[in-house]
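Engineer: Sharing a model that was predicted from the sequence below.
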Amino acid sequence: MTQIEAARTGMITPAIRRVAEKEGREPEEVRKALAAGHLVIPSNVHHLAAQYGGSDGGKLDPIGIGRLLRTKVNANLGTSPDASCKDEELIKMNLSIRYGADAVMDLSTGGSLDEIRTYLIANAPVPLGTVPIYEMTQHKPVEELTCEDMLATIEKQARQGVDFFTIHAGLLREHLPLAEARLGGIVSRGGSLLAKWMTHHNRQNPMYEIFDDLCAIMREFDVAFSLGDGLRPGCLADATDKAQLAELHVLGELVLKAREQGCQVIVEGPGHIPFDQIEENMRLEAQLCDGAPFYVLGPIVTDVAPGYDHITSAIGATAAATYGASFLCYVTPAEHLALPGPVDVREGVIAHRIAAHAGDVARGLPGARDWDDRMSRARTRFDWRTQLKIAMDSERAREIRKASSPDDDFCSMCGKDWCAVRRSKEVFQETEPKPESTEDTSEATESKAVTPQPSPTGD
Ligand code: SF4
């Protein structure tokens, strides 16, 4: 039984219990959301740790993705034909997890893909996803692929322990004229490969046609679908256009079909979207895809800032997390320019952890703001130890503070005589004495109901 099938029977699996424990939720709440398809626990039986129900000695500590829970962040990793080293990818994976990534995707296209993938899965305590069509086309032109080739690759990767697959089954042949009219065309790698296959064979998308066979494989290993948006807009001019929406309607149909066959499903979303269209995009996905968890790439809110696309993306991701997304795919400063290196990975993860948390606060997720309030109390008391310890990126905060010859009662931003916090304390202490601080800074006192990940890089 897959996690969703177990949840539908009323069973609380060890993975459900673990997710509930990590998020400060009741197991029954998690089970209900999972049974309804509004939450997923991507957990291949060959990757899930034995204590949570896995069969193969894997390392996965399961996470839940859905609006009931804290917004999650994915970091994309992977080699390219120009840069491939499995140890470098492991370094990037560990770094991304250290800075707060909840999941990773191996998008490798260079080197021995099996070797890289199995190496990362063996070392990953978080869910790992792939886009199987990348491997299918590594040694064969896409036009030569058969449906049997596609199923064989997907089954092999499922056996290896991949937890979620991006499958671009919603991009249909009849959508291609809509994409032709665009400024940016098709910017999804998987989408463009399948478009080429359809044009060459003058046939329907093979992933759409073999969808039932895919479901059988996904169900056997409990791999979650991440239904890819092959027509995601790659520039603001194409946002929310007919091509994007036509594909989204098909994705909605596939969500129901996959669920009927006992599979867990996430839906992928845009892309490049102007800020004012993000709320509507989130509403449409929830409506057309029956509340399936929405996994967005950004959205990037302006096309003109290469080198800073972790920021353009985090702005859009904050709105997306506020209005409906459950899972944010990070974008790094290297987006549109180069393969991300370790420094880019850190910047991308932190930017999207900020977006995820800001979204959780804005949507009123119970307990989300406790982390902020704790930081604010520490600031008003000049409690630097707590401030640095619970900062989103504790290392960065420490480095900056240390470089400024710090004083306990102010900082170099304003200096002693201009420090408003000092003055505010003088004013209010005269009129309303405050009790001594009782804050305990130990990790053990973290509120269980709070969504926070207090400082991934903290002590
Ligand atoms: S010096 Fe300025 S920035 Fe620093 S703690 Fe005081 S008010 Fe805040």
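Structural biologist: Here it is on my side, so go on.

Engineer: For residue 93, list the residues it contacts.
Structural biologist: 75, 77, 104, 120, 123-124 (Cβ atoms under 8 Å, 6 or more residues apart in numbering). Glycine gets a C-beta too; all of them are placed from N, C-alpha and C.

Engineer: Swap in 10 Å and give it another go.
Structural biologist: 75, 77-78, 101, 104, 106, 119-120, 123-126, 128, 345 (Cβ atoms under 10 Å, 6 or more residues apart in numbering).

Engineer: which stretch of helix or strand covers the closest residue to residue 310 other than its chain neighbours?
Structural biologist: Spatial nearest neighbour of residue 310, chain neighbours left out: residue 351 (4.2 Å); criterion: Cβ to Cβ, 6 or more residues apart in numbering. Following DSSP states H and E, one finds residue 351 within helix 342-362.

Engineer: one step back: farthest-separated two in the contacts of residue 93?
Structural biologist: Using Cβ to Cβ, the contacts of residue 93 span at most 18.4 Å, a distance reached by 78 and 125.

Engineer: So which bits of the chain are right by the ligand?
Structural biologist: 410-411, 413-414, 419-421 (Cβ under 6 Å from any ligand atom).

Engineer: Buried ones among these?
Structural biologist: 410-411, 419 (16 or more other Cβ atoms under 10 Å).

Engineer: Can I get those in CSV including pLDDT and secondary structure?
Structural biologist: Output for those, formatted as CSV (pLDDT from 0 to 100; DSSP: H, G, I helix; E, B strand; the rest coil):
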residue, pLDDT, secondary structure
410, 86, strand
411, 88, coil
419, 91, coil
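
Engineer: which one among those residues gets closest to residue 36?
Structural biologist: residue 411 (48.5 Å).

Engineer: That closest one against residue 419, yeah?
Structural biologist: Yes - with contact defined as Cβ atoms under 10 Å, residue 411 reaches residue 419; the gap is 7.7 Å.

Engineer: anything in contact with each of the two?
Structural biologist: residue 382.

Engineer: so who does residue 269 touch?
Structural biologist: So residue 269 contacts 227, 229, 232, 244, 248, 251, 278, 281-282, 284-285, 289, 294-299, 320, 324-325, 327, 329 (Cβ under 10 Å, 6+ apart).

Engineer: So which of the residues you listed are in strands?
Structural biologist: Under the assignment DSSP state E, the contacts of residue 269 contribute 227, 294-297, 327, 329 to strands.

Engineer: For ChimeraX, write the select line for the buried members of these.
Structural biologist: Selection of buried members from the ones in strands among the contacts of residue 269 for ChimeraX, criterion 16+ other Cβ under 10 Å:
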select :227,294,295,296,297,327,329
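
Engineer: In strands only, show me the contacts of residue 93.
Structural biologist: Short answer: those in strands (DSSP E) are 75, 77, 104, 106, 128.

Engineer: Bridge partners for the first one, pull those for me.
Structural biologist: Right, residue 75. residue 104 (DSSP bridges).

Engineer: and it, how many residues sit next to it?
Structural biologist: Other residues lying near residue 75 total 26 when counted by other Cβ atoms under 10 Å.

Engineer: How is the protein partitioned into domains?
Structural biologist: 3-362, 370-445 (automatic domain parsing).

Engineer: So which of those is the most surrounded?
Structural biologist: Across those, averaging neighbours per residue (mean count of other Cβ atoms under 10 Å) puts domain 3-362 on top, at a mean of 21.

Engineer: By mean pLDDT, which helix or strand of the chain comes out lowest?
Structural biologist: Within the chain, confidence by mean pLDDT, DSSP states H and E is lowest for helix 420-431 among all helices and strands, at a mean of 82.

Engineer: Include pLDDT when you put the ones in strands among the contacts of residue 269 into TSV, please.
Structural biologist: Output for the ones in strands among the contacts of residue 269, formatted as TSV (pLDDT from 0 to 100):
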residue	pLDDT
227	98
294	98
295	98
296	98
297	94
327	98
329	98
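
Engineer: Including distance to residue 427, could the ones in strands among the contacts of residue 269 go into a markdown table?
Structural biologist: Formatted as a markdown table, these follow (distance: Cβ to Cβ, whole Å):
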| residue | distance to residue 427 |
| --- | --- |
| 227 | 57 |
| 294 | 47 |
| 295 | 48 |
| 296 | 45 |
| 297 | 48 |
| 327 | 45 |
| 329 | 46 |
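
Engineer: So which of the ones in strands among the contacts of residue 269 is the closest to residue 5?
Structural biologist: Using Cβ to Cβ, these come closest to residue 5 at residue 227, 19.0 Å.

Engineer: what stretches of the protein score poorly on pLDDT?
Structural biologist: 430-459 (pLDDT under 70).

Engineer: Could I get the full set of strands for it?
Structural biologist: Using DSSP E, strands in the chain cover 39-40, 65-66, 72-77, 103-106, 128-130, 164-167, 224-227, 265-269, 294-297, 327-329.

Engineer: can you put those strands in TSV and add distance to residue 84?
Structural biologist: As requested, the strands of the chain are exported to TSV (distance: least, Cβ to Cβ, whole Å):
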stretch	distance to residue 84
strand 39-40	30
strand 65-66	29
strand 72-77	12
strand 103-106	12
strand 128-130	15
strand 164-167	20
strand 224-227	24
strand 265-269	25
strand 294-297	23
strand 327-329	22
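
Engineer: follow-up on the earlier one: so the residue nearest to residue 310 makes contact with residue 329?
Structural biologist: No - contact criterion Cβ under 10 Å: residue 351 and residue 329 do not qualify, at 11.8 Å.

Engineer: got any residues that touch both of those two?
Structural biologist: Between them, residue 351 and residue 329 share the contacting residues 73, 313, 317, judged by Cβ under 10 Å, 6+ apart.

Engineer: now the closest residue to the last one other than its chain neighbours: how far from the ligand?
Structural biologist: With Cβ to Cβ, 6+ apart as the criterion, residue 317 has its nearest non-adjacent residue at 3.8 Å, and that residue is residue 355. The span separating residue 355 from the ligand equals 24 Å under the rule Cβ to the nearest ligand atom, to the nearest Å.
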